[in-house]
Every structure is written in structure tokens, then in C-alpha cells.
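let me see the structure of the following:
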Amino acid sequence: MNEELRRFATILGTNIITLDSSFQVIWWHLNDSISLDLKKNMPIDTIADIDVTLFHHPQQLLTQEQHLSFTIEPFYFTEQYYFVLVENLVDFQHSLQNKVFVLEEIMEHLDEGIIVSNEYGDIVYYNEALAKMEEHNKEDMIGKKLWNAYNYQDRRLSEHNHILKTAKPIYTKYRAHAYSENEPKFVGYSSFPIQKDNKTIGVFSITHTETSLRNQLRQTMDSKLESMEVPEVVKRNNGTIYTFQDLKGNSPELLQTIAEAKNIASYNTDTLIIGETGTGKELFAQSMHNISPRVAKPFVAINCAAIPSTLLESTLFGSVKGAFTGATNQEGLFEYAKDGTLFLDEINSLPMELQPKLMRVLQERAVRRVGSNTLIPIECTVISASNEDPELLTAGGRMRLDLFYRIAHSSIYIPPLRERPNDILFFIQHFLHKNVLKYTKADITIKPELYQLLLDYDWPGNVRELEHLIENLVIQVSSESWITEDMLPRYLKNKLSMKAVPSNKRPLKALMHTNEEQYIRKVLKHCGGNISAAAKQLNISRQSLQYHMKKLAIQKEEFI
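Numbering: from 1, shown residues only. Prediction:
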């Protein structure tokens with residue numbers, strides 16, 4: 001075969017068979033993905049049922065257990081020849097056409113939106129997910145100039161145009177490129193240059209909606225918690241005891257709070273936890289540390305109310321020798337925490353004179369030891385906790401407003417036990433079972449009348465108070481006995497309204513059901529059936545109230 005003709009055939013494709021004017025094989029070049037029993041001078045239609053009169057159109061055939069495509073192209077080179085272009089339809093490694101097809105199929109089934117523009121700004125790919133996010137027609141977008149498709153007044157406003165010139169990616173932007181009925185469609189996205197031989201030949205963007213980002217984060221965190229418990233050796237080394245698996249309770253209010261805490265934990269942001277005494281603020285803080293990227297780093301806790309104000313400054317920030325009487329070179333807790341988590345419990349007890357210094361440390365992410373002028377960078381995340389409402393603290397002049405903004409990049413409110421009647425019942429049973437095993441007693445039962453009294457109590461000490469009470473009652477009672485209201489501590493008897501219990505006693509579940517239903521009905525009636533207002537008064541989410549109404553068959557129309 002003429003060398004010039006062979007070289008030209010090679011240029012046409014990796015897999016090619018050259019035929020003479022009578023359609024007999026004279027030369028071939030095939031890669032490892034195609035296996036054909038070829039011989040010179042054999043007719044091409046003897047290896048497959050190929051129509052030698054059909055030119056330019058692919059013929060897909062099952063040949064020697066391979067799915068192959070044959071395309072015959074006539075070529076005149078001093079005399080008549082035919083080139084047969086061969087493609088393995090399931091070869092994704094060597095076939096560029098197959099590779100492109102597979103990649104497009106993958107991108108069409110992604111939840112993320114994908115858009116690709118070439119070096120001229122033409123949209124060459126736009127997947128279905130992005131079309132749904134932006135409410136555009138996919139066919140209308142492909143082929144348009146990107147700045148025309150999104151109605152930019154100046155092409156220089158296009159980020160793809162900027163990336164083409166700079167070859168620098170743009171990470172995690174959040175803005176609206178598209179509008180629906182004059183409403184902006186906000187999305188989060190990152191854009192990257194496509195480079196070949198050191199030349200930028202295009203740009204692509206990967207886009208998420210806010211909802212998809214939240215859902216992905218929630219699924220990731222839930223699967224992480226389900227599949228992995230923090231090993232005891234890690235907890236011992238990082239200074240923690242608790243994880244989210246230690247958080248007990250089944251009320252919608254608590255479950256929503258846990259979900260919020262899990263979400264915040266992944267961002268390593270300074271957080272303020274607000275909750276009354278006994279609601280488990282440190283338990284939440286430790287649990288957040290144990291699912292954060294800092295899990296292997298130290299968790300350092302300090303109660304700001306437990307240390308004298310004269311020592312608190314050096315304890316937090318450290319000191320140098322000679323700074324005050326007895327001072328030594330000592331690193332403070334901010335330094336000791338390194339790149340872990342520092343938990344400042346009862347930050348509402350922090351003296352006013354220390355608040356500006358703490359605020360500066362949080363702002364500059366650097367600490368200056370007492371008696372030193374040297375700034376030491378800090379890397380730790382700071383979780384603070386307050387058992388009082390920050391709004392009341394700032395209004396009463398006990399906390400600087402600018403400090404509140406510094407410590408509360410994110411905030412978590414733990415609802416008190418009195419706002420979670422479902423959890424009161426849960427914890428009574430939980431602590432009863434725990435202490436019956438601890439003190440080896442059996443067949444201990446709480447009388448229904450006492451259940452109702454415990455449900456009516458405000459629980460100012462929250463879960464901690466309830467736990468101690470149940471333990472105290474179990475200690476008092478003997479096995480195979482009832483726990484009655486007569487066994488309550490004197491302080492609790494004085495607080496509770498000991499009303500006579502009706503003779504027609506009902507099972508506990510029905511008692512609780514009625515109590516909950518009456519309370520919700522009372523609030524809805526007061527709010528004229530307004531679910532949002534009622535939820536606010538109940539201090540639960542609108543969705544949580546709707547769940548309870550559906551469960552109890554309460555219709556808002558009854559109160560309008």
C-alpha cells in the first residue's frame with residue numbers, strides 16, 4: 001500500500017480498514033478494543049453483514065460478540081479506495097465519541113447544574129438540572145453568547161469572560177443570574193477554566209440551589225453519625241465525653257435543635273448556645289466538637305462564673321513573668337486549645353472589664369498575654385454558652401452588644417423542658433429505668449397521679465433537676481412498690497398544686513394526649529386560629545405545630 005495513502009488513512013482515525021475498489025481488505029490499523037479476524041484480499045462483507053453500497057452512514061452490527069459500528073467513506077487516490085471507520089460502541093477508553101456521550105449522560109443525571117462556554121463565550125453545554133433551577137429552556141440556551149443569554153449589559157460583567165482572560169477559578173459565589181417573573185433565582189456556584197496545552201479553551205460552572213445544599217449537608221451529617229461513633233480513645237484524648245448519640249429525647253423541638261447544631265458544627269464558626277440551667281449546653285458543645293473537622297483536636301471548657309475575676313484574665317489569655325505578684329510565664333486557654341474548640345460556659349458572668357479584651361481576641365484571632373505586647377495567633381473555634389437571654393443582658397448593661405455579635409456568628413436555642421412535654425414523659429421513663437438498674441430494684445411503678453403532677457411542674461432545673469428527682473425517688477422506694485406524690489421532696493411539694501385526681505383515672509398516654517391537645521387548643525383560640533402566631537407563643541416552629549395539629553386532628557378553622 002502506498003505510504004502516502006497509509007499516512008492519510010492513519011490521520012482519519014485510530015481504527016480504520018482500507019479497501020481497494022473491489023471492497024477487499026488491503027490494510028488495517030485497530031486498537032486493543034477491537035478484535036477482528038482480518039486477512040489481506042478478503043472481502044469486507046465476509047467479516048460482518050456490511051452493506052458495501054451504503055456510504056457515510058454508520059452501520060451498527062454485532063460482530064464476533066462485539067458491538068461495532070462501520071462507516072464506509074469512498075476516497076480517490078490515483079485509483080478508487082474505501083476507508084472503513086470502525087468504532088467499538090462500548091469502548092469508553094479509546095473512543096472519544098463514546099467518552100463524550102458517557103460524560104454527557106452523567107452530567108444530565110446530576111443534581112448540580114452544569115454550564116460550559118467556549119473561548120468565544122458560546123454556551124456549548126447546559127444540563128437539565130440547571131434549566132430547572134433557572135427556569136430556562138435548555139434548547140434556548142445552547143448556542144447563545146453567555147452574556148446575551150443572561151442579559152448582561154456589558155460582556156465584561158460575565159464571570160466566564162473574566163476567567164477566560166485570567167485562567168483563575170472563582171469559588172463558592174452566591175448570586176442571581178436568572179430571573180423568573182421578576183424574582184431573582186439565587187444559586188451557589190463555582191466556576192473553573194478548561195485548559196489544554198496551557199491555553200484556556202473554555203469555562204464551566206457547577207451550581208447548587210440553597211435547598212440542595214442544605215439537603216446534601218443534612219444527609220451527609222446524618223450518614224456520618226449513623227456510620228461512625230467517635231472512638232473512646234479519641235474522646236479521651238480530645239477532652240470530651242459526649243456525642244449527639246448521648247442526647248436523649250424525642251420531642252420535635254429538641255430534634256429540630258439537634259439538626260441545627262449538626263449543621264452549624266460543620267462550619268467551624270463561633271457559636272452561642274442559649275439555654276436555661278440543666279438543658280445540656282455543654283453536652284451540645286461537646287457533641288458539636290465531635291462531628292466537626294476538629295474532632296481530633298482539644299476540647300477545652302471553662303466556667304466563667306467559677307473563676308474569680310482577678311484570675312479569669314490570665315486564665316483565658318495567659319501571662320508573663322512579673323506581670324503581677326506571683327505571675328509566671330503561662331499560656332492561657334485560648335493558646336492551650338490550639339486549633340480545637342474553646343467552650344466558654346456562663347459567658348453571661350464575664351466581667352464587663354474583660355469583655356472588650358475578649359471581643360478584640362475574637363475579632364483579630366490573636367491573643368496578648370497579660371503583661372506582654374506580643375500577639376499570639378489563635379486557631380480555635382469558640383463556643384459560648386449563656387443561661388440568660390442575651391437581649392436582656394445587653395439591655396441591662398451586663399453584656400456589650402458588640403461582644404454579642406462577636407460570639408454569636410451562629411446561635412442555638414435549647415428549649416427548656418417545660419416547653420417539651422413529650423420529653424418530660426420520655427425522661428421520666430428513661431431515668432426510672434436507668435436508676436432501677438443502678439440500684440438493682442425491680443417492678444417500680446410511678447402512679448398516674450404523680451405523672452400528672454410532674455407534667456404540670458415548670459422544671460426550672462430542667463433535665464438535670466428531673467434526673468436527680470427520679471434518682472432520689474428510686475432510692476426511697478423498695479422493690480415491687482409504687483412511687484407516689486408523698487415521696488416528693490419537701491421543696492417540690494410546696495411548689496406543686498396538689499389537686500385531687502378524678503376518680504375516673506385514665507391511662508397515662510390518654511392523660512398526656514388530652515393535656516397536650518387542650519393546651520394547643522387554648523393557644524390557637526387565643527390567636528384566632530393564626531398558626532404562625534400560635535407557634536410563636538408556643539415557642540415551636542410552624543411545622544412542628546402543624547405536625548401536632550395533624551396528630552391531634554385539630555383544624556384551624558375551628559378557631560377562626
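
low-confidence ranges, the protein, go.
In the predicted model, the chain carries pLDDT under 70 at residues 1-2, 9, 11-13, 90-98, 174-186, 209-236, 497-516, 518-519, 539.

longest strand in it, please.
Under DSSP state E, the strand in the chain containing the largest number of residues is strand 183-196.

direction included, what does it pair up with?
Strand 183-196 pairs in its sheet with strand 170-180 (antiparallel), strand 199-208 (antiparallel), by DSSP bridges.

show me how far that strand is from its chain's centre.
Strand 183-196 sits 20 Å away from the centroid of its parent chain (Cα atoms, centre = their mean, to the nearest Å).

which stretches of the stretch 51-200 of the chain form helices?
Taking DSSP state H, counting those that start in this stretch as the test, the helices found in the stretch 51-200 of the chain are 96-108, 128-134, 138-141, 146-149, 159-166.

buried residues, the third one. List them.
Across helix 138-141, burial judged by 16 or more other Cβ atoms under 10 Å covers M141. Where C-beta positions appear, they are placed from N, C-alpha and C, glycine not excepted.

do the fourth one as well
Of the residues in helix 146-149, L146, W147, A149 count as buried by neighbour count, 16+ other Cβ under 10 Å.

make TSV from those residues and add distance to P351 to it.
Output for the buried residues of helix 146-149, formatted as TSV (distance: Cβ to Cβ, whole Å):
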residue	distance to P351
L146	57
W147	57
A149	59
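
from these, pick the one nearest Q537.
Lowest distance from Q537 to the buried residues of helix 146-149 (Cβ to Cβ) belongs to A149, with 48.5 Å.

check contacts around the closest residue to the closest one other than its chain neighbours.
Setting aside the residues directly before and after it, A149 is nearest to M141 in space (Cβ to Cβ, 6 or more residues apart in numbering), at 5.4 Å. Contacts for M141 were tallied using Cβ atoms under 8 Å, 6 or more residues apart in numbering; they are I115, I123, Y126, A131, A149.

count of residues packed around the third one?
When neighbours are defined as other Cβ atoms under 10 Å, Y126 has 26 of them.

so how far is V436 from it?
Distance, Y126 to V436, using Cβ to Cβ, to the nearest Å: 64 Å.

same check on the second one?
According to Cβ to Cβ, I123 stands 69 Å off from V436.

can you check N268 too?
Taking Cβ to Cβ, one finds N268 at 42 Å from V436.

and N303, by the same measure?
32 Å.

between the two, tell me which one has more neighbours.
Taking other Cβ under 10 Å, N303 and V436 do not tie; V436 has more neighbours (17 against 14).

mind checking how far the more buried one is from R418?
Distance, V436 to R418, by Cβ to Cβ: 25 Å.

got it, and K495?
Distance, K495 to R418, using Cβ to Cβ: 13 Å.

would you mind listing the residues touching both of these two?
Counting by Cβ under 8 Å, 6+ apart, the shared contacts of K495 and R418 are Y457.

so which of those two has more stuff around it?
R418 (16 against 12).

which SS class is that one?
At R418, secondary structure determined by DSSP: H, G, I helix; E, B strand; the rest coil is helix.

how about it, what does it touch?
Shown in contact with R418 (Cβ under 8 Å, 6+ apart): I424, Y457, D458, W459.

hmm, try it at 7 Å
D458, W459 (Cβ atoms under 7 Å, 6 or more residues apart in numbering).

burial count for E260?
Using other Cβ under 10 Å, E260 is surrounded by 14 other residues.

may I see the buried residues of the host helix or strand of it?
Element membership of E260, judged by DSSP states H and E, is helix 252-265. In terms of neighbour count (16+ other Cβ under 10 Å), helix 252-265 has its buried residues at P252, E253, L254, T257, I258, A261, K262, N263, I264, A265.

same question, stretch 309-328
Within stretch 309-328, the residues that count as buried by 16+ other Cβ under 10 Å are L312, E313, S314, T315, L316, F317, G318, S319, V320, A323.

mind listing which of those residues are in helices?
Using DSSP state H, L312, E313, S314, T315, L316, F317 are the members of the buried residues of stretch 309-328 that sit in helices.

could those go into TSV alongside distance to E485?
Output for those, formatted as TSV (distance: Cβ to Cβ, whole Å):
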residue	distance to E485
L312	44
E313	49
S314	51
T315	46
L316	47
F317	51
